[in-house]
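Trainee: mind folding the following:
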Amino acid sequence: MSARHQPSPSAWDGSIRSPAQRYLAVDGTRVKYIGPGSDDRDAAAVRTNHPVPADCPLFYFEVEITSRGRDGFIGIGFSTGDVKLDRLPGWEPHSYGYHGDDGHAFSGRGTGRAYGPTYTTGDWIGVILNRIERTITFTKKGYDLGVAFESISEERLFPSVGFRTPDEEIEANFGTDLANRPFRGDVAWIKHEAQQRLYASVLNTAVPRSAKGRSITGELVFGYLAHQGHWDTAAAVARDVLGGTVAVAQQDVQDMQMRQRISERVQAGDIDAALELTRQLAPGLLESNRRIHFRLQCQKFAEMIKAGQEAEAIEYGRTHVVPLLDAPASGSGGSSSSSVSAADRELLEDATALLAYDDPATGPTGYMLLPAHRSELAAALNRAILVHSGRSEDSALEAILRQATTALQELKRSGHPAAQLLDVQTLLQQQREPQPLGAA
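Mentor: Below you'll find the model as predicted:
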């Protein structure tokens, strides 16, 4: 099913009334030719009950030749809804067909071109519509025959099959009941290969240079490494990729080292040290951002309980933590980013609940004493320090990744076929993985 939940082809449409339809016996996914088959005027085709959804990146179906009939003049492919049904697929404009009697591919006219092998009773043909690459490809018994048609632009294409001589019969599988009737072809591999080609096309797209003639990719990587404090690697990128045109500022190194020390103190549960270092690095932060200040004070309260200092913790909470609940943030205008939230009030309740347990870490609110919670608090404090100093919480590379992820989600919601196959995280993994020896 497509992203828009459009109906997909599930059976041949036997309700169509046309002169040629009297030559066909249609039963769900089975079709048999029962006409005279004297000449081309006796040809008859049928299409499915629904077209391939417009936002479906890859559509696959299979056709089994249950009987080649007299001459095996069977054509398999696609056509639009306005194509005449008294002609085999491929004989009319906006129609595409691979024919079993000669193995030729037909597109819009009655003369085809050599494409693949013939097919007969017992053979099964796989059909792939790739809307991303705008191609139609066929397989025979799972063997890829290569691209048959390119530059496919029609939006509403119906799987179609046509016949010309008596007793020709097929049965199709549109994947509507894969549990009981699985595809014979390796659809997962077909999808994987299409994804790899799509990822390769994205990764091979040339990235322009910046206005200063530097590699934009190099600048983004350098900015990310510097933002994360990987100074040695950032310096190597600056030297080897950017030609020494940028450098790591010594003040940035010192600030990052201080932020790392603050983070280490929070993760060790030494909140007093973290508060003191924060005041040194970012004067006024704790006064202007009451929310982060409150969370740090709550954490100190919890750490005191863990250390068995219950009486001291209660007094500390009364004199230092509770007053922050309703105090306005200085110069914040009461903004949600600086004020204590309802969730933070619940945090104090969770911290207070630790008093009820001999071993606070085993209680239902013991998460406050776990490394994961401390790490999250340390990350929040780091972001607050960056914003307070006029910097961005994230590097430009992280911002672009976030934007790309959001854009891809919007494209998926709007029904863009390629977006259905793309995944940003998988794309990044493709970029990170080393190529095997001999790979291009």
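Trainee: CA atoms for contacts and neighbours, from now on please.
Mentor: Noted.
Trainee: any stretches of the stretch 201-350 of the chain with poor pLDDT?
Mentor: 211, 326-340 (pLDDT under 70).
Trainee: in terms of pLDDT, where does Gly81 sit?
Mentor: Listed pLDDT for Gly81 reads 95.
Trainee: burial measure for it, as a count.
Mentor: Applying other C-alpha atoms under 10 Å, we find 16 residues neighbouring Gly81.
Trainee: what about it, distance to Val52?
Mentor: Taking C-alpha to C-alpha, to the nearest Å as the measure, Gly81 falls 11 Å from Val52.
Trainee: and the strands in this protein?
Mentor: For the chain, the strands defined by DSSP state E cover 24-27, 30-33, 44-47, 58-68, 75-79, 95-99, 104-107, 113-114, 124-130, 135-140, 143-149, 158-163, 168-173.
Trainee: domain parsing for the chain?
Mentor: Domains of the chain are assigned by automatic domain parsing as 19-200, 249-393.
Trainee: nearest to Leu408, out of the ones you listed?
Mentor: Of all the domains of the chain, domain 19-200 sits nearest to Leu408, with 13.7 Å by C-alpha to C-alpha.
Trainee: just give me how far that closest one sits from the chain centre.
Mentor: Put simply, domain 19-200 sits 30 Å off its chain's centre (C-alpha atoms, centre = their mean, to the nearest Å).
Trainee: helices along the stretch 301-440 of the chain, start to end?
Mentor: For the stretch 301-440 of the chain, applying DSSP state H, counting those that start in this stretch gives helices covering 310-316, 323-326, 342-353, 371-388, 396-414, 417-421, 424-432.
Trainee: nearest to Gly223, out of those helices?
Mentor: Relative to Gly223, the nearest member of the helices of the stretch 301-440 of the chain by C-alpha to C-alpha is helix 396-414, separated by 6.9 Å.
Trainee: quick one: buried residues of that closest one?
Mentor: Within helix 396-414, the residues that qualify as buried are Ala396, Leu397, Leu408, Gln409, Lys412, counting by 16 or more other C-alpha atoms under 10 Å.
Trainee: distance of Asn180 from Tyr367?
Mentor: From Asn180 over to Tyr367 the distance is 47 Å, taken as C-alpha to C-alpha.
Trainee: list the contacts of His320.
Mentor: Taking C-alpha atoms under 8 Å, 6 or more residues apart in numbering, we find His320 in contact with Gln297.
Trainee: tell me who's in contact with Val147.
Mentor: Val147 makes contact with Thr135, Ile136, Thr137, Phe138, according to C-alpha under 8 Å, 6+ apart.
Trainee: for Glu62, state which of those is nearest.
Mentor: Of all the contacts of Val147, Glu62 sits closest to Phe138, with 9.5 Å by C-alpha to C-alpha.
Trainee: tell me, how many residues neighbour the closest one?
Mentor: Around Phe138 there are 27 residues (other C-alpha under 10 Å).
Trainee: apart from its chain neighbours, what residue comes closest to it?
Mentor: In this structure, Phe138 finds its nearest non-sequential neighbour in Val127, 4.7 Å apart by C-alpha to C-alpha, 6 or more residues apart in numbering.
Trainee: the one you found against Ile136, yeah?
Mentor: Yes: using C-alpha atoms under 8 Å, Val127 is in contact with Ile136, at 7.3 Å.
Trainee: for the nearest residue in space to Ala25 that is not next to it in sequence, name its beta-bridge partners.
Mentor: Nearest residue to Ala25, sequence neighbours excluded (C-alpha to C-alpha, 6+ apart): Lys32, at 5.1 Å. Going by DSSP bridges, Lys32 is paired in beta bridges with Ala25, Glu169.
Trainee: spit out the contact partners of Lys32.
Mentor: By C-alpha under 8 Å, 6+ apart, the contact list for Lys32 reads Leu24, Ala25, Val26, Asp167, Glu168, Glu169, Ile170.
Trainee: ok, the third one touching Gly14?
Mentor: Yes: contact between Val26 and Gly14 holds when scored by C-alpha under 8 Å: they sit 5.5 Å apart.
Trainee: who touches both of Gly81 and Val52?
Mentor: Applying C-alpha under 8 Å, 6+ apart, one finds that Gly81 and Val52 are jointly contacted by Arg156, Leu157, Phe158.
Trainee: and the second one, what's its pLDDT?
Mentor: The one in question is Leu157. The model reports Leu157 with a pLDDT of 98.
Trainee: the residue nearest to it when sequence neighbours are not counted: what's it in contact with?
Mentor: Distance criterion C-alpha to C-alpha, 6+ apart; nearest residue to Leu157, sequence neighbours excluded, is Thr80 at 4.8 Å. Thr80 sits next to His94, Ser95, Glu154, Arg156, Leu157, Phe158 when contact means C-alpha under 8 Å, 6+ apart.
Trainee: can you pick the most crowded of the residues you listed?
Mentor: Ser95 (27 neighbours).
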